[in-house]
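Visitor: structure here, sequence nowhere to be found:
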């Protein structure tokens, strides 16, 4: 029993030692929302990139979050072969044939990379002579400063929402997403932020049940 309590205590202290530096963050540099007569009912998501796996990941994440908000969204990879880079005329045909009234595009405009020194406010002494609560408490209170260097990448993405009929832009956003951890985490954070911004814009009509 004491051994179990010992390991629980170790995990508890580790929770405070390792900061959540891998959590990405998305910031909006600018957002512009236009006016439309009728709310959008169906939108295609298209990432403008030649790497299919990247395009599929980004389109899937944005689609997931928009669907979660009850908006009718579909990724472009459902309609195009993975070896086919969608061209304008093909896109226009697909939009018309499938009753899309808008298309949301994303494109990576800049990828910045830099060294960043992290210096947590405090860490804790893990030298524990016996696994008791008071020893854990002493370790928790015995703070010392520490630091380390990490590679931080920042993705700058432009997101545009076009009407399908006259190709007019009704929404545009420039975002910066920090990615100290995995690319997948950065994509999830970006997609969630964009979907929330689009919800705030009130350009979409929710799907009917």
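Guide: Received, thanks. Computed from a prediction, not measured in an experiment: that's the story for all the values here.

Visitor: now the helices for the chain?
Guide: For the chain, applying DSSP state H gives helices covering 2-17, 52-68, 88-97, 133-141, 183-201.

Visitor: and for residue 171, the neighbour number?
Guide: Using other Cβ atoms under 10 Å, the number of residues around residue 171 comes to 21. (Glycine included, C-beta is placed from N, CA and C.)

Visitor: need the pLDDT of the spatially closest residue to it that is not a sequence neighbour.
Guide: The spatial neighbour of residue 171 that comes closest, neighbours along the chain excluded (Cβ to Cβ, 6 or more residues apart in numbering), is residue 161 at 3.7 Å. pLDDT for residue 161: 94.

Visitor: list the contacts for residue 161?
Guide: Residues near residue 161 by Cβ atoms under 8 Å, 6 or more residues apart in numbering: 43, 102-105, 169-172, 198, 203.

Visitor: which residues of the protein score low on pLDDT?
Guide: Per-residue confidence for the chain (pLDDT under 70) gives these ranges: 1-24, 115-151, 180-181, 208-209.

Visitor: again, only this time at 80
Guide: 1-24, 50, 81-86, 111-153, 179-183, 207-209 (pLDDT under 80).

Visitor: pull the number of nearby residues for residue 108.
Guide: Neighbours around residue 108, by other Cβ under 10 Å: 14.

Visitor: one step back: so which of the contacts of residue 161 are in strands?
Guide: Members of those lying in strands (criterion: DSSP state E): 43, 102-105, 169-172.

Visitor: ok, what's across the strand from residue 158?
Guide: Beta bridges link residue 158 to residue 107, residue 174, judged by DSSP bridges.
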